[in-house]
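Asks: Curious how this folds, go ahead:
(2 chains)
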Amino acid sequence: MKNIDARTPVSQFYLDKIKSMHDEKVKLNKEKLAAFGGSYDTDDHGFIYFKDFTFKPDYLPGKDRLEGAKNIGENLRRFWNEIPVYIYKDSALAGAWAGKFQDFVEVGMKRETDTPPELQKIHKKYHMWANGLGGMNHMGPDMNIGLREGLPGILNKVRYYRDFNHPSDTDFYDGEEAVVLGMMEYTKRHADYARQLAAEAEDEKTAQHYSLIAQTCENILAGPPATFREACQLIAVFQSADRTYFLGGALGQLDELLRPYYEKDTRAGILTDEEAIWILASLFYNDTHYSQVGGQTPDGSRDLTSRVSFLILEAAHLLHIPYNLAVRVYEGMDEKLMRRALEYILEDGSGVSFSCATGIEEGYTRQGHPRELARMRAKVGCNWVALPGIEYPLQDVTRVNMAWAFEVAMEELKKDPEPTLEKLWDLFVHHLEIMVDCIKDGYDVHYEKVSKIAPEVVLNLFSHGPIERGLNAAAGGVDIINLNMDGIGLATVADSFAAIEQRVVKEKRLTWEELYTALEHDYKGYENIQLMLKNIPRFGSPESLARDWAKKISLLYTDLVNCAPTPKHHLRVVPGLFSHGDIYKHGEELPATPNGRNAGDPISHSAEPDPGFAAGLTSFSPTLKANAVAMVQPGYGNSAPLHLDIDADMLKNHGGIDTLAALIKTHNEMGGTLINLNCITKDQIRRAHADPDSEPDLVVRVTGYSAFFASLSKEYRQQVVDRYLSE
Amino acid sequence: MQTGTIFNIQPFSVYDGPGIRTTVFLKGCNLRCLWCHNPESWQIAPQLQFQEEKCVGCGNCFKVCPKGAHQISERGHIIDRTLCVGCGICAQNCYAGALVLTGKRVTTEEVMARLLEDAPYFKNSGGGVTFSGGEAMMQLEFLKELLIRCKEAGIHTAVDTAGHFPFEQYQKILPYTDLFLYDIKAYDPETHRRLTGVDNHHILENLPLLLQNGAEVIVRVPCIPDGNWQDMEQIACYLEPLPVKQVELLAYHRLGEGKRKSLGMEMETFPAPSVKEMEGLLETFTKKGIPAVYNR
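Replies: Prediction:
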């Protein structure tokens, strides 16, 4: 028996196919950039831009948007029947998604009409435009449902439970039925298209290639997938459907999902490793859905690392386009998997992220769930984790910008004739509590409305419960609803408190009045005061005031979120600290802050110190940053990621993989939740920033997701550059 | 409890021994190497560094300096080093961070608190703590107490030294030092004196003695064209019979220039060796069977 980590000798035939997909993706990316104003700051997502395609939605009488499962399902079905078919000549799989449904139709909750006015007022005051209301898709499907049942099986299941439950209103089931039929018809159209391409092929080999694609599609229309390739084709169909509807982007434990097919096919002699790599690369070419490899079975008795885990890494490495895979890190894990992932990161500059079991699993048990369930929680989003098909966690859809609570508190303090730091803290607590409570109120509204307005018509099919119960996932369809709430701006606020404590309270170099004046003038004419406030030991520096403030603020935020469920429906709310890459947008309207930040400048990132934080007696190091992020984890199983951008030149001769592995293991031990790693040289990043076209296929991990560096806007590129060059 | 003066604690130090290490830089040095890249380490007492490019010309330092050391000359803002007593008042008032007082008195307790924060990295990487400088041996009692406390905490220890002390002083720390990083800067005593300000008889005597006493040693040889380049063959011959763990050949670089300027020091510069020259040098060592490495 060969070692599961043996590198596959991939023949030129398959290497050429994979290279062709890489080149095609770079070409398509350039076309998309040209069509979308030169940049986009999210995942590439792999959609194909059909510029002439239009769609006319059928709204219900009196409605100006699609509403309810049936109305949405029927329109989705027609959409999938009308979008152009797509098969790339060197891919093993058929299909592509054509852009998000919401760009073609009005659908989903609306801020103006679906948000109660009293909440809108609070949203406006504290700039809470990412407030969770109407958040969609941020859960993880259980793809095993799809693989076990197949599309016809899912259709039968919908029909069976419609009859069995016999609801007075069949809207939900009718909608779900339309979605499955739409996915099947989409698959059938691709089978037919592949038959047509086979008939038109100029040589026998090409004809066979397309015939096999057609046969694969036809087979998954007839029953559950039986082979590795059929399983991947079904997943690709799911990806296209899921992504179309509100950008769903999760797969789950990919290695374990595919392992039975791989083992069966290789035993039968119908699948080679290099062919498996090509099929997997085709899946990654199709879309950047989030998935995980490694980890443990729920009972902890078996490590999930298999030959398939390594083939997945190899496929992603060879394709070398943005992809979103995570390796689960836990004490006692298969070290070979981590080392292979790191080898590819050092070779490619970026690669997988590392999902840390200590923070994610122990935190989840703190919510009252058993450890066995916690082990199943896979990384299925840029930062979020979920029990596949069991949990509705709605992570990554809220941003409580704590810097706004601080700003409002400062404004109120100005009216106080005797300002103190303690009073400022009390005001900050008061306003942060208002923001947190507002999100909780909003989640009650979300719970009441979203299932009627925009149910999870795709993900319901791949979850445990919604079809059986006739309920949308967000409304009791799945067993666990625990709604996440992300705080942001931690370092901005911590450094601001610390700067005031040091310069105003302790050293008395500055009066409150002088501070107010400098802030009101955005430090113009008060540059010395700005420097004074900036040049303190900031969050991330050991033994700093800012570190203590960061811990205190994180604890406060966690307590405010945890102390009570939503007031009306008593839904569990879970704290997280994650900003995505939107730190510029969240800073745009924020006035100058006492950490020396100018008005409009970006706020700090997630739970991280600001770039260039280390000053004085200790120099910057990745371990300082990792210690800081571990220290302020909310601790309830949701991610507060650590971004490490390490100079590859430094590692090349000094430790390399061993050093990185030790960093990752230690952050996991310290209670970390997620590590996003880039290892490129400073010269390379400088070159790419100055001239993005010079590095068209440089892939970087921006936050939880990866992207072509060249496709990011200047501001987003700057984030990555700052992390590299300031540290 | 001992107290000492340090000027930096560098976590994630991957150049100074095995694994992920935290390097504690102790102030004070008994050599004056012409190429030194840590000239702020020479004096044990705190030293004022001035990074001109950060200066915003606010004039605070002129106002607060009790000795009038900050002056305006034809070259702009200068510091009269003969007047500066290193009190640090100007640095405290320099909001731009252009003036920094390098060096801080700390207790072993304070240093250990910092080191223990990084202990999990040491455990997972086979790393530990390296004491460097300056010359770590200049504050021997402080160093010894830190080494003992590290060993008590199960932390691997390394001492970076230039070897210019009587051997008896090394004997005091031998039981607590897992690894020595030992510099050989020249073989010829006159060359050594010209380049470092001191002769090298202690240095050449101590290395074999350390090894005889069971110490593990990595030798580090700075390679400086027009400096010690002509000594390389002799250094290799000297090292050939010695059971050192490794010999690291370090190519001369000019990273110390900026720091020299910030301290108001003159600096002699040398040409940097090419990769090809370094690889040739490496061969000189390896063909004698010396476990030498050169990392670009």
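
Asks: Break chain B into its domains for me.
Replies: What automatic domain parsing lists as the domains of chain B is B:3-43+B:105-293, B:47-102.

Asks: Now the ones you listed in CSV, please, with extra columns for distance to chain A, mean neighbour count and mean pLDDT.
Replies: Placement of C-beta: from N, CA and C, glycine included. Below are the domains of chain B laid out as CSV (distance: least, C-beta to the nearest C-beta, whole Å; neighbours: other C-beta atoms under 10 Å in any protein chain shown; pLDDT from 0 to 100):
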stretch, distance to chain A, mean neighbour count, mean pLDDT
domain B:3-43+B:105-293, 3, 19, 93
domain B:47-102, 4, 16, 87
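
Asks: As JSON lines, those with distance to residue A:21 would be great.
Replies: Output for the domains of chain B, formatted as JSON lines (distance: least, C-beta to C-beta, whole Å):
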{"stretch": "domain B:3-43+B:105-293", "distance to residue A:21": "37"}
{"stretch": "domain B:47-102", "distance to residue A:21": "48"}
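
Asks: How are the strands of chain A distributed by residue range?
Replies: For chain A, the strands defined by DSSP state E cover A:250-253, A:290-293, A:325-329, A:353-356, A:378-379, A:385-386, A:391-392, A:400-401, A:480-488, A:572-576, A:642-647, A:674-680, A:699-701, A:706-708.

Asks: nearest to chain B, of these?
Replies: Of all those, the one in closest proximity to chain B, counting by C-beta to the nearest C-beta, is strand A:642-647 (9.1 Å).

Asks: I would like the residues contacting the closest one, please.
Replies: With C-beta atoms under 8 Å, 6 or more residues apart in numbering or on different chains as the test, strand A:642-647 has contacts from A:605-608, A:622, A:625-626, A:629-630, A:660, A:663, A:667, A:672, A:674-682, A:701, A:703, A:720, A:723-724, A:727.

Asks: what angle sits between that strand and strand A:674-680?
Replies: 10 degrees (axes from the mean of the first three to the mean of the last three C-alpha atoms, to 10 degrees).

Asks: neighbouring strands for strand A:642-647, and are they parallel or not?
Replies: If you go by DSSP bridges, strand A:642-647 pairs up with strand A:674-680 (parallel).

Asks: For the strand it pairs with, what does the pLDDT average out to?
Replies: For strand A:674-680, mean pLDDT is 88.

Asks: In CSV, list the C-alpha atoms belonging to it.
Replies: Extracted C-alpha coordinates of strand A:674-680, given in CSV (Å, rounded to 0.1, in the frame of the first residue of the first chain):
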residue,chain,number,x,y,z
LEU,A,674,-8.2,30.5,12.2
ILE,A,675,-4.9,31.3,10.5
ASN,A,676,-4.7,32.8,7.0
LEU,A,677,-1.1,32.6,5.7
ASN,A,678,0.7,34.3,2.9
CYS,A,679,4.4,33.6,2.3
ILE,A,680,5.7,35.7,-0.5
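
Asks: tell me the angle of that strand relative to strand A:325-329?
Replies: Using the same axes, to 10 degrees: strand A:674-680 against strand A:325-329 is 120 degrees.

Asks: quick one: low-confidence parts of chain A?
Replies: Applying pLDDT under 70 to chain A flags the ranges A:1-2, A:41-44, A:615-620, A:650, A:652-654, A:697, A:703-705, A:724-727.

Asks: Next, the contact list for the residue of the stretch 201-350 of chain A found nearest chain B, please.
Replies: Nearest to chain B, among the residues of the stretch 201-350 of chain A, is residue A:331, at 10.5 Å (C-beta to the nearest C-beta). With contacts defined as C-beta under 8 Å, 6+ apart, residue A:331 is in contact with A:357, A:358, A:665, A:668, A:669.

Asks: Chain B: strands as residue ranges?
Replies: B:3-13, B:21-26, B:47-50, B:70-73, B:76-79, B:99-102, B:104-107, B:128-132, B:156-161, B:179-183, B:217-223, B:246-251, B:292-293.

Asks: So what touches the fourth one?
Replies: Looking back up the chat, that one is strand B:70-73. With C-beta under 8 Å, 6+ apart, strand B:70-73 has contacts from B:61, B:62, B:77, B:78, B:79, B:80, B:90.

Asks: What's the biggest helix in chain A, counting residues?
Replies: helix A:421-453 (DSSP state H).

Asks: Can you name every helix or strand that it contacts?
Replies: Under the contact definition 3 or more C-beta pairs under 8 Å, 6 or more residues apart in numbering or on different chains; DSSP states H and E, helix A:421-453 sits against helix A:111-114, helix A:117-125, strand A:400-401, helix A:402-413, strand A:480-488, helix A:490-499, helix A:545-562, strand A:572-576.

Asks: quick check, the longest one touching chain B?
Replies: No - for a cut-off given as C-beta under 8 Å from any C-beta of the partner chain, helix A:545-562 has no contacts with chain B; the smallest distance is 10.9 Å.

Asks: what angle do that helix and helix A:402-413 make?
Replies: 100 degrees.

Asks: Let me know the angle separating helix A:545-562 from strand A:572-576.
Replies: Going by the same axes, to 10 degrees, helix A:545-562 is angled at 160 degrees with respect to strand A:572-576.

Asks: need the helices for the stretch 1-150 of chain B, in chain order.
Replies: B:60-64, B:89-92, B:108-117, B:119-125, B:140-152 (DSSP state H, counting those that start in this stretch).
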